[in-house]
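S.K.: Sequence and computational prediction follow.
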Amino acid sequence: MSPTSDRLIRALSVLERLEPGAPARVQGNLDAFHPDTTELVLGYAFADIVGRDGINLKTREMLTVAMLAVMGTAQEQLEFHMRAAMNTGVSRTEIVEIVLQVSVYAGVPACMNAITAAKKAFEARERERKADR
């Protein structure tokens, strides 16, 4: 597959909106696994689904945070999407409320895992703010 396909360019553009610098990091990781992985995985996830019209990116990130928190098995992706959610305008308070909602529908263990991820995402956000000063 072409590393510069329109689909991949769209996917990387969405990923850059979620977290500046993420495309190079994620693409490097996926390319190290197999050259087609970036196009297949990111193309599907970010160009075909996340980049669709119909739901704005902020809402999609709130949904993604909730779903990953409920899964309880994708801690790194949850932390990434919590940071991405904040980068799309989701407030810290909104993330807290999503995490608390998880306790009702997915249980306290999933909520506790999400709290851990949220604390890391909040700390990363604070480090970024301090670095920008």
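M.R.: Yep, that arrived. Bear in mind the structure is a predicted one, so any value in this text is a computation, not a measurement.

S.K.: Tally up the residues packed near L18, please.
M.R.: 21 (other C-beta atoms under 10 Å). (Glycine included, C-beta is placed from N, CA and C.)

S.K.: host element of the nearest residue to it once chain neighbours are set aside?
M.R.: Closest residue in space to L18, ignoring its immediate chain neighbours: A84 at 3.6 Å, by C-beta to C-beta, 6 or more residues apart in numbering. Taking DSSP states H and E as the definition, A84 sits inside helix 75-87.

S.K.: same question, T116
M.R.: Using DSSP H and E, T116 falls in helix 108-132.

S.K.: got a list of contacts for that helix?
M.R.: Residues outside helix 108-132 that contact it (C-beta atoms under 8 Å, 6 or more residues apart in numbering) are 69-72, 75, 78-79, 82-83, 86, 92, 95-96, 98-100, 102-103.

S.K.: for that helix, which positions count as buried?
M.R.: Buried residues in helix 108-132, counted by 16 or more other C-beta atoms under 10 Å: 110-111, 113-115, 117-118, 120-122, 124.

S.K.: just the CA coordinates of the next helix or strand after the helix holding A84, formatted as PDB?
M.R.: As assigned by DSSP H and E, the chain's next helix or strand after helix 75-87 is helix 92-105. Extracted C-alpha coordinates of helix 92-105, given in PDB (Å, rounded to 0.1, in the frame of the first residue of the first chain):
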ATOM      1  CA  ARG A  92     -11.300  18.000  32.900                       C
ATOM      2  CA  THR A  93     -14.700  18.100  34.600                       C
ATOM      3  CA  GLU A  94     -16.400  16.400  31.600                       C
ATOM      4  CA  ILE A  95     -13.800  13.600  31.700                       C
ATOM      5  CA  VAL A  96     -14.400  13.200  35.500                       C
ATOM      6  CA  GLU A  97     -18.100  12.800  34.800                       C
ATOM      7  CA  ILE A  98     -17.500  10.300  32.100                       C
ATOM      8  CA  VAL A  99     -15.300   8.200  34.400                       C
ATOM      9  CA  LEU A 100     -17.900   8.400  37.200                       C
ATOM     10  CA  GLN A 101     -20.600   7.300  34.800                       C
ATOM     11  CA  VAL A 102     -18.400   4.300  34.000                       C
ATOM     12  CA  SER A 103     -18.800   3.100  37.600                       C
ATOM     13  CA  VAL A 104     -22.500   2.700  37.100                       C
ATOM     14  CA  TYR A 105     -22.500   0.800  33.800                       C
END
